[in-house]
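> need a structure here:
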Amino acid sequence: QVQVVESGGGLVQAGDSLRLSCAASGRAFSNYNMGWFRRAPGKEREFVAAIHWSANTYYADSVKGRFTISRDNAKNTVYLQMNSLKPEDTAVYYCASHGGSYWSSSYYRHGAYNYWGQGTQVTVSS
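Next comes the predicted model:
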């Protein structure tokens, strides 16, 4: 069992930056593949970014160039640096640990992640 806890959400203005943190339990964290998803009001949960244990990163087109995912294995933590925030980035952001199989074809699918945090609210005002 992996426990995942997000933090760092808040209310910001358009153009501002915010950094989300995701702390995960487990001594094998360095082998975990992790992802960030978000759910906006009235919309489906969508993929935001993912990071492989090798530190390879993947992004949704909507955030590419603005968001950066990174990891600190010594702290069992994954980060999501969000720059140039837009009102359409408003959502609850979730961090999750990938189930481990078929990474390259499933990193963007929420069904491939088996441990989720409770989410952190990000609100971007115009």
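
> mind checking which helix or strand of this structure has the lowest mean pLDDT?
Least confident helix or strand, the chain: helix 103-106 with a mean of 89, by mean pLDDT, DSSP states H and E.

> need the contact partners of it.
33, 52, 98-99, 112 (Cβ atoms under 8 Å, 6 or more residues apart in numbering). Backbone N, C-alpha and C define where each C-beta goes, glycine included.

> let's go with 6 Å and repeat that
Applying Cβ atoms under 6 Å, 6 or more residues apart in numbering, the external contacts of helix 103-106 come out as 33, 112.

> ditto for stretch 43-62
31, 33-39, 63, 67, 69, 71, 107-108, 110.

> since we're on the residue nearest to residue 89 when sequence neighbours are not counted, how many residues are nearby?
Closest residue to residue 89 apart from its sequence neighbours, by Cβ to Cβ, 6 or more residues apart in numbering: residue 124 at 5.2 Å. Per other Cβ atoms under 10 Å, the neighbour tally for residue 124 reads 20.

> pretty sure residue 123 contacts residue 92?
No - here residue 123 does not reach residue 92: they are 9.8 Å apart, not a contact under Cβ atoms under 6 Å.
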